[in-house]
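>>> Pasted the sequence and its predicted model underneath.
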Amino acid sequence: RQVSTQSTGVVSDTKSGMESVAIAPSKKDTTLEGKHIRLQPTDPEADYKELYAASHGEENKGIWDYMFLGPFNNEEEYKKDLIAKVNDPGLVPLTVVDKKTGKKIGNLCYMRIVVDMSRIEIGHIWYSRAYWRTYANTESCYLLLKHAFENLKFRRMEWKCDNANEKSKAAAIRLGFVPEGVFRQHMIIKKRNRDTAWFSIIDSEWDKVKKNLEYILFEKYASS
């Protein structure tokens, strides 16, 4: 039996006897190869200098506006943040590599991984501003979504952001996420109120989302 919520267009499955078959992503072995992008396990020692340069300076202004932490005062501070992410059992941080140039251009995570409920989230996402409005986010998220639904067998992928972050909300919609509402006064981040916008994709929607993302990646960016 399915229950449809007309206000959001969300359809939820209420079958009994369901058990999760999801598998937690590996911190050490999650390397995902795409046409333009490779996602590889974050190595703080090997990555921190290049990632710091890719995310700081006037040319990268705005990257950290809606992030929990950052910008950082120097490379060593940023290295400590990467170490903390790698050591956090609830995060699987991945470094984004542009395959054409070999440059490390961003970082993101699998997070809020709840295997017994078969749900997972993509978050802590940033890219060097030179890669905004390119294939970088589309392909990175496509790789994470495909791995989560097809290999790890999750039922639900979540995306959450500050409700004031119009770019992040637009990106979620463009990727195929369904808006689920806003948690008002959900957090205090950098001494500011954060109302949190929630989005999700569920496994029954993945085939349609996948086809759309592959069209964007392999048609729109075919000559990139």
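Perfect, I can see it now. Numbers count the residues shown, from 1 in each chain.
>>> how far away is the residue sitting nearest the centre point of the chain from residue 132?
By C-alpha atoms, centre = their mean, the chain has its centre lying nearest to residue 122, at 3.1 Å. In this structure, residue 122 and residue 132 are 17 Å apart, going by C-beta to C-beta, to the nearest Å. Glycine gets a C-beta too; all of them are placed from N, C-alpha and C.
>>> Roughly how far does the residue nearest to the centre of the chain sit from residue 106?
12 Å.
>>> Could I get the full set of strands for this protein?
In the chain, the strands defined using DSSP state E lie at 2-5, 10-13, 32-33, 37-41, 91-98, 104-114, 119-127, 156-162, 178-189, 192-202.
>>> can you list these in CSV and add mean pLDDT?
Output for these, formatted as CSV (pLDDT from 0 to 100):
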stretch, mean pLDDT
strand 2-5, 39
strand 10-13, 50
strand 32-33, 98
strand 37-41, 98
strand 91-98, 98
strand 104-114, 98
strand 119-127, 98
strand 156-162, 98
strand 178-189, 98
strand 192-202, 98
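>>> Nearest to residue 68 among these would be which one?
Comparison of these against residue 68 by C-beta to C-beta identifies strand 178-189 as nearest, at 5.9 Å.
>>> Give the buried residues for that closest one.
178, 179, 180, 186 (16 or more other C-beta atoms under 10 Å).
>>> what do you get for stretch 189-203?
194, 196, 197, 198, 199, 200, 201, 202, 203.
>>> so the fourth one touches residue 157, yeah?
No. In this structure residue 198 lies outside contact range of residue 157 using C-beta atoms under 8 Å: 11.8 Å.
>>> Show me what counts as buried in stretch 54-63.
Applying 16+ other C-beta under 10 Å to stretch 54-63 flags 54, 55, 56, 60, 63 as buried.
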